[in-house]
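Colleague: Sequence and computational prediction follow.
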Amino acid sequence: MTLRFIGTTSEHGNCPTLYEVVETGDIVVQGDRITDPGHLAQLRDVGEHETFVVIPRELLARFAPKE
């Protein structure tokens, strides 16, 4: 899998960041992991291999592909 950097709203090289998987066009999101049990309990249809991250809306508005 080859990742292409799309953009970040971080000023110091930390998350959150968006990447594109070159071969598929899928998007990879880097952000702070959600670990609060109360928040995790509200999520639906979660596979054991899945995790969730928080990213600012501004990151998607500025950098997420429109297609």
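Modeller: Thanks, I have the structure now.
Colleague: hey, let's count contacts and neighbours off CA atoms from now on
Modeller: Noted.
Colleague: got a list of contacts for the lengthiest helix in the chain?
Modeller: When secondary structure is assigned using DSSP state H, the longest helix within the chain turns out to be helix 57-63. For helix 57-63, contacts defined as Cα atoms under 8 Å, 6 or more residues apart in numbering pick out 6-9, 16-18.
Colleague: can you check stretch 12-22 too?
Modeller: 1-10, 26-32, 55-56, 59, 63-64.
Colleague: Now that stretch: buried residues?
Modeller: Buried residues in stretch 12-22, defined by neighbour count with 16 or more other Cα atoms under 10 Å: 15-20.
Colleague: which residues touch the residue nearest to the spatial centre of the chain?
Modeller: In the chain, the centroid-proximal residue (Cα atoms, centre = their mean) is residue 29; its distance is 2.1 Å. Residues near residue 29 by Cα under 8 Å, 6+ apart: 16-19, 53, 55.
Colleague: What ranges does this structure have for its strands?
Modeller: 3-8, 17-21, 27-30, 32-33, 53-54 (DSSP state E).
Colleague: Kind regards, and thank you for your time.
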